[in-house]
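[1] Just a sequence and a predicted model for now, questions to come.
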Amino acid sequence: MIATSLRSIWERSRPVHPDTAAALRTRWAELPPVARNPAQLLGRHTVGCEGTHGVFPRCNLACTPCYHARQANSVRIDAEHTIKAVDAQMQLLRTLRGTGQHAQLIGGEVTLLGPEAHGDALAVMERHGRKPMSMTHGDFDYDYLERLALGADGRRRFRLLRFAGHFDSLMLGRSDAPRPVEEAELNPARRRFVANFERLKQEHGVDYDLAHNMTVTPRNIGEVAQVARIAMDMGYGMASFQPAAYVGNPRRWREDFHQVDMDTVWSEIERGVGTRLPWAHLQMGDPRCNRSAYGVLTRGHWVPLLDDLDPRDLRMRDLFLTHCGGIDPQQPTAVLALMIARLAWRRPALIPAALGWARRLLGRIGLRRLLRGRPRGMTFVVHAFMDAEVVLPAWEAMERGETAADPQVRAAQERLQACSYAMAHPETGRLVPACVQHSVLDPEENLRLAELLPLVSA
Ligand code: SF4
């Protein structure tokens with residue numbers, strides 16, 4: 001018995017699971033040469049994010065824009081279908097990408113699944129070694145969350161829940177703000193979302209990790225700064241912004257989305273945070289798709305984990321990605337301590353480098369803030385989907401093994417090759433970029449699902 005649990009701790013404290021290490025090598029080899037640079041995280045620390053598709057396409061709000069196909073709302077929510085499809089997709093992801101990856105339980109609106117089925121889907125994802133995150137509009141009450149988090153015996157089902165709440169003024173139909181005119185009208189909903197998780201932790205000991213998502217168009221670009229600040233202050237661990245693209249339901253395209261680009265969104269986030277957000281030294285996939293700034297927040301003050309202007313921090317990045325890339329620090333304390341000890345034993349040179357980095361990070365935070373400010377991680381992200389009209393020819397050419405002559409289509413191909421957001425197709429054994437899923441595959445998939453799961457009239 002003791003020998004078994006010691007063996008289990010020893011195995012779990014392996015810095016990287018061999019399947020994950022193999023998946024990282026494959027991902028690195030698949031990247032286009034331009035993406036294989038010292039800042040790249042794909043293939044060195046992660047194989048990227050994952051998401052479900054076709055598991056519950058329906059939604060009960062209306063977003064302008066909405067990147068889901070028009071047919072999505074003709075598909076009935078069906079828990080049995082959801083669990084079966086999630087299981088098959090996660091199985092394939094586990095086979096091809098190893099363990100420990102972040103996977104979004106995403107479709108239409110996840111809470112249209114009953115709380116029990118929602119919990120079952122999360123449990124299936126965990127069983128396949130994923131870190132699931134439920135993507136929701138956040139328009140649900142504490143009772144729903146409690147029923148999701150607890151089993152029939154009243155005991156907690158999950159140690160930690162990860163949720164991304166999508167809140168912006170382009171969404172119509174929210175129960176307490178059906179037609180918002182400005183972002184500030186959604187602040188009570190944003191706050192209530194976090195408060196529900198705080199209460200769940202207090203009452204049942206279920207920890208949480210929350211992201212705030214916002215779609216950005218010319219209409220609300222001027223409010224990005226205030227939303228970034230609000231997300232920091234309210235307790236979200238990530239604030240993610242998505243400039244709108246022409247993908248999904250054309251009836252929901254109401255503005256000239258091309259007026260908003262990544263640089264503008266990023267500057268607005270920086271304005272809200274009140275400091276420069278360095279990103280280019282840690283890149284997930286292609287910089288035309290993603291930007292992320294990873295840091296520590298203390299009493300409203302954000303500092304980067306790695307200072308991009310300090311060569312010693314860049315050296316630390318290189319050492320980390322070379323010797324520790326792929327490790328998963330979200331482990332029980334004993335397992336994490338053993339993992340660090342094993343790494344230090346193998347690479348003693350890491351010890352002085354890590355201590356130096358920690359000293360510089362503490363210097364950036366400041367002793368007083370550190371002692372009084374309850375520091376926590378805070379990440380800012382911009383993710384820019386591509387327009388469907390460019391994804392389609394890019395994907396078709398890739399399927400024929402061709403490199404497109406048109407520079408715009410070729411750029412889309414490069415982005416798809418370095419994609420950091422994959423969706424699984426167990427029927428073919430393939431993974432596809434989410435851009436391809438939404439731009440090319442969703443319409444037909446939803447037509448098939450609408451036949452399989454027609455709406456039932458009351
Ligand atoms: S889903 Fe599209 S925009 Fe996102 S990383 Fe993949 S290719 Fe880039």
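    Everything's here; your move.

[2] which bits of this structure sit near the ligand?
    285-286, 289-290, 383-386, 415-416, 419-421, 433-435 (CB under 6 Å from any ligand atom). The way it works is simple: take the backbone N, C-alpha and C, and place the C-beta from them, glycine included.

[3] Now the two most distant members of these.
    His383 and Leu416 (14.4 Å; CB to CB).

[4] pLDDT weak spots in the stretch 1-150 of the chain?
    Applying pLDDT under 70 to the stretch 1-150 of the chain flags no residue at all.

[5] residue boundaries of the strands in the stretch 351-458 of the chain?
    All strands of the stretch 351-458 of the chain, identified by DSSP state E, counting those that start in this stretch, fall at 376-383, 421-425, 430-433.

[6] Out of those strands, which is the most enclosed?
    strand 421-425 (a mean of 23; mean count of other CB atoms under 10 Å).

[7] List the buried residues of stretch 270-289.
    Across stretch 270-289, burial judged by 16 or more other CB atoms under 10 Å covers 270, 272-273, 277-279, 281-287, 289.

[8] Hmm, I typed the wrong one, I wanted stretch 354-365.
    By neighbour count on 16+ other CB under 10 Å, the buried set for stretch 354-365 is 354, 357, 360-361, 364-365.

[9] quick one on the thing from earlier: TSV for the strands of the stretch 351-458 of the chain, including mean pLDDT?
    Below are the strands of the stretch 351-458 of the chain laid out as TSV (pLDDT from 0 to 100):
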stretch	mean pLDDT
strand 376-383	97
strand 421-425	98
strand 430-433	98
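
[10] Not counting stretch 263-282 itself, show me its contacts.
    39, 41, 216, 221-222, 224-229, 232, 239, 241, 243, 287, 291-295, 302-304, 306-309, 314, 317, 380, 382 (CB atoms under 8 Å, 6 or more residues apart in numbering).

[11] typo on my end, stretch 201-211
    Here stretch 201-211 makes contact (CB under 8 Å, 6+ apart) with 133, 146, 149-150, 156, 158-165, 193-194, 197-198, 200, 235-240.

[12] model confidence over it, on average?
    Stretch 201-211 shows a mean pLDDT of 98.

[13] State the distance from the residue in the stretch 1-150 of the chain that the ligand sits nearest to to Gly285.
    Using CB to the nearest ligand atom, the single residue of the stretch 1-150 of the chain nearest to the ligand is Gly48, 7.7 Å away. To Gly285, Gly48 is 7 Å away according to CB to CB, to the nearest Å.

[14] Now the common contact residues for these two.
    42, 419-420.

[15] For the residues you listed, give me JSON lines that also has neighbour count.
    Converted to JSON lines, the shared contacts of Gly48 and Gly285 look like this (neighbours: other CB atoms under 10 Å):
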{"residue": "Leu42", "neighbour count": "23"}
{"residue": "Cys419", "neighbour count": "24"}
{"residue": "Ser420", "neighbour count": "23"}
